[in-house]
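J.: test case, fold it:
(chains A and B)
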Amino acid sequence: MSPAAHLLLILATEESAQDLLGSDILPALTDGARLTLLSALDDAALMDRFAPFAEWIVPLLHYPERRLLSVVRSVLEGAPARGRTLSPVLDTPRMLDALTAVEWHAGLRLRPRHDREEVGELLRVLRPDVVLNCSSAGAPGADLILRVARDLGVPTAGCVFSGEDLVSRSQLVNLYDYFFVPDEATGTRLLALCRTVSPARVVAGEAAPERRRADARRAAYRGFAGWWVSQRERGSTRS
Amino acid sequence: MNPERVYAFILACNLAGEKTRYLLSTLGGGRWRRMILGPSALLLTLGGLRLFWGWPAAVIGLLGIKAMPPLLRAVRRRLQIGGLRRQARALMAAGRSASGPPAFTSWAQWPLDGRTRRAVESARRANSAAEIVIGRIDADGRVLGLFGPLPALPAVGVAGFVHRPRMRLDVVLIEDAVLIRKDFRGDEARFLREWRALAALAGKANVPAVHHVDERRCRLYKNLIPGRTVADILVARGARISYLQTSGDPAVRGLDPPARSAAVAARARPFVRVCFSEDFLRELEAQVRAMHSCGVTGMSPTFQNIVVEAATRPPWFIDFEDARLHPSRSGFVFRLAQYRDRVRLCSLYGLDPGADLVTLMPPAWNLPQRSILPRRAARGRAAQG
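T.: Below you'll find the predicted structure:
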């Protein structure tokens, strides 16, 4: 990683923005590094609270998916996460891996070319070292930017706050290189669901088993901050 | 015979043709009808050919019949595009050599707030890209600043941003020039028509100067005119003509294209005189005449496509996707196109057509425009009742 490492945070929902501020990790994230926010929020007062830490606050547009992509995803999603089989053929490990690969290509190629180009152009201007999605995987607007970032070879990271965020196996596998979870139990569930994810890429926070969702979010964010600082000390995030 | 009566008659026929095409395209069945009718026609043709020839000859004949028209169309299109490209390049080169490089909106002199300017400058330092996108323009002509608000342009937030359905428009910064990048998304014919018209009109009418073009990606870089569109001004006064208001309104959405434009114009007309002075409207007409005197017709005078410059308030025409450049200004085709432009301008802005256009309006322009779909729906309801 370069000395002035550049972190791109995606803020797709207001609660993620509030919890990020509440977790007090921004000074640690920006110590000797640059921070850019991609925000889908129009709340100027809220964004002003990020201004001392962020070099750029860029609006995050939501690019609607083609209908066909929603259909493809609805076929792929659901069954494994619900813990029951949709069909014996679809739920075999090989078939799930194949369908996940289909979802990756569909999620990128079934998007209009100019949408992908627009997002790619933005990423080439910002040139981040890591992209972190502070919201859930299905948050509007985050999906395309994460896919294009991965396609361009930029490492991506995401947070899994609870079992509710484990709905889409294919999206989780396809969107992120690194996972930040509030506690070990969520990490174990994530690894059981996504067999191709290496345990080394899952970082657990220290949230108590009985906690509010906001606490889970903050624990995951703190886990990310610790990882980010250690990576910067080590000198690389790309692997 | 008065020639303008002939023009009016042709326009009325054109309008009727457009309505008929729309009616046919909205007939029941849609995709299924095409899927059944297309192959049925193919099989019938094959059967007909088989009556006279053997199977191999019939199949070859059918392929010839089906393949020739698209092939000829493709060849014609390539020739047309080649001609357009040559004309546009020649006009651009001639314009540059005659009047020197045009002036563009200067980044250094643009009255941006300090925070936005610093953010953009930092983005420029951070990467070596020749152009930096600093704003995106939505379907209603409002601008979403990527690094902060952009001055003298109508602003929109992330939540209110409406993606443009066809061409993408961005505000980009190249060296010291603030430009509009119009991405035609591979539509070569429209891209070349606009480039040619802008090159032909540079310095002769209120049109943005062309900075450069990316022919491979069909992108046109033209000067940014700081100001608001006529549509934006009318909407601010209460006219319900924004993209969201019209595309989401069933009363407008179900109409055929000419009726839809007429309905939008009718909504806007009461506000036009309130928002714009007589001088401004006369200037609009004068600009159209200036373009005609350069041989250009087919400019779009719709509310979205006229920018009112913030400082001095003259109208600027920004859309020339369907413009034509006529080599002869005395021919019938040019006069017909000229007549059509003036009728369109008058009907949109409720202008007095003047002595030469009065009584020449084809009756179809004055008829109340009704939807085909509601009529069919009403017939269905009556049948059920």
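
J.: longest helix in chain B, please.
T.: helix B:55-99 (DSSP state H).

J.: now the one residue in chain A that gets nearest to chain B: closest residue in space that isn't a chain neighbour?
T.: Chain A approaches chain B most closely through A:Asp42 (3.9 Å), counting by CB to the nearest CB. In this view, the C-beta of every residue, glycine as well, is placed from N, C-alpha and C. Closest residue to A:Asp42 apart from its sequence neighbours, by CB to CB, 6 or more residues apart in numbering or on different chains: B:Gly157 at 3.9 Å.

J.: helix, strand or coil for that neighbour?
T.: At B:Gly157 the chain is in coil, as set by DSSP: H, G, I helix; E, B strand; the rest coil.

J.: list the contacts of it.
T.: Contacts here follow CB atoms under 8 Å, 6 or more residues apart in numbering or on different chains; on that basis B:Gly157 touches A:42, A:59, B:144.

J.: pLDDT score for the residue nearest the centre of chain A?
T.: In chain A, the C-alpha closest to the average C-alpha coordinate belongs to A:Gly158, at a distance of 2.8 Å (CA atoms, centre = their mean). A:Gly158 is assigned a pLDDT of 91 by the prediction.

J.: swap in the one 10 residues further on?
T.: According to the prediction, A:Ser168 has pLDDT 72.

J.: which stretches of the chain have low pLDDT?
T.: I'll assume chain A. Residues of chain A that meet the criterion pLDDT under 70 lie in A:1-3, A:75-91, A:209-210, A:236-239.

J.: sorry, I should have been clearer: chain B.
T.: Applying pLDDT under 70 to the predicted model, the residue ranges of chain B that meet it are B:1-4, B:25-34, B:128-129, B:311-312, B:353-385.

J.: which residue ranges of it form strands?
T.: B:131-137, B:143-145, B:168-174, B:177-183, B:210-214, B:219-223, B:227-229, B:296-297, B:306-309, B:315-317, B:324-325 (DSSP state E).

J.: how far does the fourth one sit from its chain's centre?
T.: Taking CA atoms, centre = their mean, to the nearest Å, one finds the center of strand B:177-183 at 17 Å from the center of the full chain.

J.: repeat that for the fifth one.
T.: Centroid separation between strand B:210-214 and its chain, computed with CA atoms, centre = their mean, is 19 Å.

J.: check which helices and strands that strand sits against.
T.: Using 3 or more CB pairs under 8 Å, 6 or more residues apart in numbering or on different chains; DSSP states H and E as the contact criterion, the neighbours of strand B:210-214 among helices and strands are helix B:188-201, strand B:219-223.

J.: ok, which of the ones you listed comes nearest B:Val264?
T.: helix B:188-201 (21.5 Å; CB to CB).

J.: number of residues surrounding residue 142?
T.: The chain I'm using is chain A. By the other CB atoms under 10 Å in any protein chain shown criterion, the neighbourhood of A:Ala142 contains 27 residues.

J.: that's the wrong chain, I wanted chain B
T.: Summarising burial for B:Arg142: neighbours were counted as other CB under 10 Å, giving 23.

J.: surely B:Arg166 and B:Asp183 touch.
T.: No: the pair B:Arg166 / B:Asp183 is not scored as a contact, 9.8 Å apart, by CB atoms under 8 Å.

J.: which one's more surrounded, those two?
T.: Higher neighbour count among B:Arg166 and B:Asp183: B:Asp183, with 21 against 11, using other CB under 10 Å.

J.: show me the contacts for that one.
T.: Contact criterion CB under 8 Å, 6+ apart gives A:114, B:167-170, B:217-219 as the residues in contact with B:Asp183.

J.: closest to B:Ala12 out of these?
T.: When the contacts of B:Asp183 are ranked by distance to B:Ala12 (CB to CB), B:Met167 comes first, at 30.3 Å.

J.: if anything else comes up later, I'll come back, but that's it for now.
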